[in-house]
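Engineer: Got a sequence here, can you build the structure:
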Amino acid sequence: MTDARFEDGDEAPLRLTAQTTEDVPVISALLQDAVFPVTEMTWDRKGRRFAVLLNRFRWEDRTRAEQQGRAYERAQAMLVVNDVRAVASSGFDRTDGDLVLSLLAIAFDPDQEGAGDITLTLAGDGAIRLSVECVDLILRDVTRPYHAPSGKVPDHGT
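Structural biologist: Residues are numbered from 1 along each chain as shown. From the prediction side, this is the model:
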């Protein structure tokens, strides 16, 4: 079995930024059902940067995969959030090195000055809250697509 290639779909790796409130739902949709080990999250307090390496389902390729009768794909991607003042988490044990988290959504709740909170909602009632000075997210694929190990589209039982 070989890995899928961006060239097979005439696509390039994702490289997106979110700098407005309206941009956040786009990043959220692309990262819905991304999975990552708890050990792949880092917060550089001095640099005010939060980063996480995720394995994202390639939602943008789903229809094409179905039309071509081929496997669904995932790709490793880096999500970087800049201008982070504080990080808080709930609903999971950050010290459990074997824990794998599943991202459901990303939302931004602004305050009156344009700063606010970015919340990463996780499956199982977990969440990560990033207090930020502004919306400044970067999403970038860092590997070629690979066949989704489950072979299935993520399903939430709806």
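Engineer: mind listing the helices for this structure?
Structural biologist: 24-31, 62-68 (DSSP state H).
Engineer: ok, how many other residues are close to the spatially closest residue to F92 that is not a sequence neighbour?
Structural biologist: Nearest in space to F92, with sequence neighbours left out and distances taken as C-beta to C-beta, 6 or more residues apart in numbering, is G126 at 4.2 Å. Every C-beta, even on glycine, is put in place using the N, C-alpha and C of the backbone. Each residue near G126 was counted by other C-beta atoms under 10 Å, and the total is 19.
Engineer: Need the contact partners of stretch 28-43.
Structural biologist: 14, 16, 49-57, 59-60, 77, 79, 84, 87, 92-94, 96-107, 128, 139, 154 (C-beta atoms under 8 Å, 6 or more residues apart in numbering).
Engineer: out of the residues you listed, which are buried?
Structural biologist: 14, 49-57, 59, 77, 79, 84, 87, 92, 101, 103-106, 128, 139, 154 (16 or more other C-beta atoms under 10 Å).
Engineer: Which ones among those residues lie within strands?
Structural biologist: In strands, defined here by DSSP state E, the members of these are 49-57, 77, 79, 84, 87, 101, 103-106, 128, 139.
Engineer: which residue is nearest the middle of the chain?
Structural biologist: Of all residues in the chain, the one closest to the mean position by C-alpha atoms, centre = their mean is L31, 3.9 Å from it.
Engineer: So it versus L130, what's the distance?
Structural biologist: 14 Å (C-beta to C-beta, to the nearest Å).
Engineer: Quick one: residues contacting L104.
Structural biologist: Here L104 is in contact with 32-33, 121-123 (C-beta under 8 Å, 6+ apart).
Engineer: Let's have these in TSV, adding distance to E40 and neighbour count.
Structural biologist: Converted to TSV, those look like this (distance: C-beta to C-beta, whole Å; neighbours: other C-beta atoms under 10 Å):
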residue	distance to E40	neighbour count
Q32	18	17
D33	16	19
T121	17	16
L122	13	19
A123	16	15
